[in-house]
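Dropping a prediction and its sequence here:
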Amino acid sequence: MQIPQNIQENADMKQYTSFRAGGSAKYFAKVESAEELTEFKEFAKEASLPYFILGLGSNVVVSDAGYEGLIIKLGKKFSHFKFDKETLTAGAATPLSILARMSATMGFSGIHLLAGIPGSVGGAVAMNAGAYGEEIAQTLTEVKVQEENGTIQNYSKEECGFDYRHSAFQNTKSIILEASFRLEAANSKELLDAQAEVLAERKAKQPLELPSAGSMFKRPVRGFPGALIEQAGLKGFAIGGAQVSPKHANFIVNTGCATAQNIYDLSQLIRDRVKTLSGIQLEREVIFLGKF
Ligand SMILES: Cc1cc2nc3c(=O)[nH]c(=O)nc-3n(C[C@H](O)[C@H](O)[C@H](O)COP(=O)(O)OP(=O)(O)OC[C@H]3O[C@@H](n4cnc5c(N)ncnc54)[C@H](O)[C@@H]3O)c2cc1C
């Protein structure tokens with residue numbers, strides 16, 4: 001079978017994921033148009049391979065053994081945004097941090113506290129990312145997607161199936177192309193001050209100096225993952241190069257030479273210990289792609 005131009009073979013995914021660990025994708029492509037997306041998905045279908053859509057890779061770990069399929073990343077053409085009064089429309093590859101900063105500068109509230117989340121708009125919608133009382137679903141009005149069969153559809157917020165760190169897009173093959181938000185006019189100086197405060201708090205409390213994927217576990221119904229992990233005596237515990245951050249126990253960090261398996265094994269050990277000690281079953285927020 002002819003491999004389309006622009007599809008790379010055996011692409012190292014470390015450089016595309018924030019953990020800076022793990023293996024390669026059998027095939028990897030950066031796409032610059034909806035037509036190219038259709039072409040690449042067609043290739044995967046003909047090759048009987050799965051495909052996975054990657055944003056900024058800040059919530060994904062690829063197996064050391066690699067991903068036996070096609071990883072698709074939306075390119076620069078999908079990184080754009082436009083403010084029309086309180087309505088903001090942004091391409092899926094746009095970094096959320098840029099949007100958050102721009103919205104605060106322009107005097108619009110609703111996503112300004114999400115500035116420290118190192119993901120893309122597509123990834124933030126798929127994960128329903130949130131922080132400091134703001135969640136992407138709160139201000140989102142519409143999402144434009146390319147369906148598995150290539151058709152373009154607009155989804156209303158209600159059709160996105162949002163829940164805590166969850167959206168319907170996690171269980172489908174729809175690719176988010178663009179999202180629209182309804183923000184609220186507010187005082188720019190106050191928004192920028194509030195933003196600076198939460199960014200400073202992140203710096204003080206989170207191990208931003210080391211590679212990670214942010215919180216490893218979702219908040220359970222009772223308690224907080226960080227406190228439960230600490231109570232289990234695991235703060236600072238390491239497997240290979242993967243360590244439970246001494247600064248924030250819900251972060252697993254790569255101290256330099258972590259394998260994807262080290263990260264997975266540590267997360268598994270945490271789940272087992274916390275379950276035994278507290279009866280609480282922690283659920284991973286980070287996505288492990290491939291065989292573990
Ligand atoms: C230091 C640090 C701090 C963090 N803090 C927070 C936080 O405060 N709050 C929070 O919620 N998260 C946080 N995260 C996690 C992460 O940044 C978010 O989950 C983010 O939304 C992921 O976006 P991404 O573009 O990196 O997506 P990726 O990690 O690349 O992908 C995540 C999921 O989204 C899907 N996806 C990505 N793009 C698309 C698309 N265009 N169409 C369909 N599906 C898509 C992927 O298939 C995958 O299932 C943090 C991570 C780090 C490293």
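Now that the structure is in, tell me what you want to look at. Numbers count the residues shown, from 1 in each chain.

Check the residue of the stretch 151-292 of the chain found nearest the ligand and give its pLDDT.
For the stretch 151-292 of the chain, the residue closest to the ligand is G214, as judged by CB to the nearest ligand atom, at 2.4 Å. For glycine as for every other residue, the C-beta is placed from the backbone atoms N, C-alpha and C. Note for G214: predicted pLDDT of 98.

same check, this time on A249
pLDDT at A249 comes out at 98.

quick one: L37 is in a helix?
Yes - assessed by DSSP: H, G, I helix; E, B strand; the rest coil, L37 belongs to a helix.

thought L191 was touching S109?
Yes - using CB atoms under 8 Å, L191 is in contact with S109, at 5.7 Å.

Name the residues contacting each of the two.
Jointly contacting L191 and S109 under the rule CB atoms under 8 Å, 6 or more residues apart in numbering are S103.

Look at the residue nearest to L277 when sequence neighbours are not counted and say how many residues are nearby.
Closest residue to L277 apart from its sequence neighbours, by CB to CB, 6 or more residues apart in numbering: A232 at 5.2 Å. Residues lying near A232 (other CB atoms under 10 Å) number 20.

List the residues that contact A232.
A232 sits next to I270, R273, V274, L277, S278 when contact means CB under 8 Å, 6+ apart.

quick one: the first one is in a strand?
No - applying three-state DSSP, one finds I270 to be helix, outside a strand.

pLDDT wise, what is it at?
98.

Repeat that for the fourth one.
Listed pLDDT for L277 reads 96.

State the distance from M102 to I136.
Distance of M102 to I136, given as CB to CB, to the nearest Å: 16 Å.

Looking only at neighbour counts, state which of the two leads.
Just comparing M102 and I136: by other CB under 10 Å the higher neighbour count belongs to I136, 27 against 18.

Compute the number of surrounding residues for the closest residue to that one other than its chain neighbours.
Nearest residue to I136 in three dimensions, chain neighbours excluded: A124, at 4.8 Å (CB to CB, 6+ apart). When counting by other CB under 10 Å, one arrives at 32 neighbours for A124.

Name the next helix or strand downstream of the host helix or strand of A124, please.
Element membership for A124 (DSSP states H and E) is helix 121-127. The helix or strand immediately downstream of helix 121-127 is strand 130-131, counting by DSSP H and E.

Contacts made by the next helix or strand after that next one with the rest, please.
Remark: after strand 130-131, the chain's next helix or strand is strand 134-135, criterion DSSP H and E. Applying CB under 8 Å, 6+ apart, the contact partners of strand 134-135 are G110, I111, H112, L113, L114, N128, A129, F162.

buried stuff in the helix or strand following strand 134-135?
As assigned by DSSP H and E, the chain's next helix or strand after strand 134-135 is helix 136-139. Across helix 136-139, burial judged by 16 or more other CB atoms under 10 Å covers I136, A137, T139.

Do you know the pLDDT at I3?
The model reports I3 with a pLDDT of 88.

what do you get for the one 10 residues further on?
Here, the pLDDT recorded for M13 equals 98.

That one is in contact with G57, isn't it?
Yes - using CB under 8 Å, M13 makes contact with G57 at a distance of 7.5 Å.

how close does the spatially most central residue of the chain get to the ligand?
Nearest to the geometric centre of the chain sits N59, at 4.0 Å (CA atoms, centre = their mean). According to CB to the nearest ligand atom, to the nearest Å, N59 stands 3 Å off from the ligand.
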